[in-house]
Every structure is written in structure tokens, then in C-alpha cells.
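Student: missing the sequence, but the structure's below:
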């Protein structure tokens with residue numbers, strides 16, 4: 001049997017993330033959201049949002065400013081509201097990726113005066129999940145495939161962020177706070193503007 005999702009497509013791509021804690025608790029010192037969007041109403045592209053002492057607060061980098069604004073306004077406002085602060089400007093950047101699980105994966109982001117490397121490795125079993133409208137209290141819905149990493153790193157201009165991912169669960173599935181989130185699709189109920 002085939003079920004057609006009744007909601008309006010908002011975007012499709014990837015939203016890998018890493019959240020690192022100093023003490024193993026779910027209190028992140030570093031929070032990073034990396035997007036590779038293959039389709040959205042404002043085109044394709046990349047964006048990365050970083051909240052870390054290594055970048056002195058919050059930074060947003062992208063190769064498509066309209067996409068970064070869409071992501072912060074519609075999705076990150078639900079996932080991590082600090083990324084949705086209107087006063088944050090978007091820095092132009094170039095993006096590159098290497099690796100595929102089970103091998104380590106690196107996302108590199110280069111902007112003027114700022115170079116980021118995000119690394120995921122030692123992967124747990126991947127799994128897919130979906131969440132209907134109302135996910136995290138917002139109007140949106142999503143489905144995605146997660147590759148949880150036991151080890152993750154953030155490097156800013158060569159300086160390694162202190163901390164490590166913590167173990168958490170998604171439903172009854174073991175997971176971590178650092179995942180590649182591939183084949184990710186976000187939806188919006190048709191009656192929501």
C-alpha cells in the first residue's frame with residue numbers, strides 16, 4: 001500500500017547536526033546545524049548555523065542567503081530559536097564534504113577569516129523516523145534518516161572545540177546528540193501559511 005503525504009513540501013535535503021557537552025550531560029556548549037538542501041522554494045544550497053564560544057556567539061554561513069533566511073525563520077526557529085535572531089547577518093561561504101558512513105564524514109565550510117570543520121565518526125546503526133505536524137511545538141512535520149555518531153568534532157580555524165556528544169534516544173532507538181540527518185524532508189500542513 002502506498003500512502004501519499006497530504007502536507008505541502010517545504011524543503012528536501014540534509015540537516016546534519018552536532019551538539020557537544022563538556023560533562024556528558026544534555027547541556028551543549030557547542031551547537032551546530034549543517035544544511036545541504038537539494039530543493040526549496042528559494043533554491044538549493046548550503047547553510048551552517050553555529051553557536052559556540054569559538055565563534056564568539058552565533059554565526060550563520062551560507063552559499064544562498066535566501067535559503068539561510070528561510071531555514072532560520074521556518075525550521076531553526078523550532079529546533080534552536082537562537083539561530084532565528086533577525087539581527088544575525090549571513091556570511092558568504094563555500095562548502096565541501098568528504099566521506100560516507102561507516103567511514104568518517106567531514107563537512108568543511110570556508111568563509112573570509114573563518115574555517116569550520118565538522119566531523120562525525122564511529123557510527124551507530126542508522127534508522128529513519130518521522131514526526132507529524134506539531135513537532136517540538138511548531139506547525140511543521142518531517143521525516144529523516146539518522147546516522148548517529150559516537151564521536152564528533154568541531155574545529156574552528158584549526159582549534160578543536162572541547163566536549164563530546166551524549167547518548168540520547170529517539171523514540172525507542174539509541175541515538176546521540178551528533179547525527180548525519182540525510183534524506184530529510186520537511187512539510188507544512190496546507191492550511192498553515
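Tutor: Everything's here; your move. On a predicted model such as this, the values are computed, not experimentally measured, just so you know.

Student: Show me the longest helix that occurs in the protein.
Tutor: Criterion DSSP state H: the longest helix present in the chain is helix 65-70.

Student: hmm, who's touching that one?
Tutor: Residues from elsewhere that reach helix 65-70 (C-beta atoms under 8 Å, 6 or more residues apart in numbering): 11, 35, 37, 40-47, 60-62, 90, 92. Heads up, the C-betas are built off the backbone N, CA and C, glycines and all.

Student: Most neighbours of all those, which one?
Tutor: residue 47 (28 neighbours; other C-beta atoms under 10 Å).

Student: list the buried ones in the longest strand seen in the chain?
Tutor: Longest strand in the chain, counting residues (DSSP state E): strand 141-156. Under the neighbour-count criterion of 16 or more other C-beta atoms under 10 Å, strand 141-156 has 141, 142, 144, 146, 147, 148, 149, 152, 153, 154, 155, 156 buried.

Student: which residues of the protein fall in strands?
Tutor: Along the chain, counting by DSSP E, strands occupy 8-20, 30-39, 45-52, 57-62, 90-92, 94-98, 105-111, 114-123, 127-131, 141-156, 159-160, 167-170, 173-176, 178-188.

Student: May I have the strands that pair with the third one, each with its orientation?
Tutor: If I follow you right, that is strand 45-52. If you go by DSSP bridges, strand 45-52 pairs up with strand 30-39 (antiparallel), strand 57-62 (antiparallel).

Student: now it, how far from the centre of its chain.
Tutor: Distance of strand 45-52 from the chain centroid (C-alpha atoms, centre = their mean, to the nearest Å) equals 8 Å.

Student: now it against strand 94-98, angle please.
Tutor: 90 degrees (axes from the mean of the first three to the mean of the last three C-alpha atoms, to 10 degrees).
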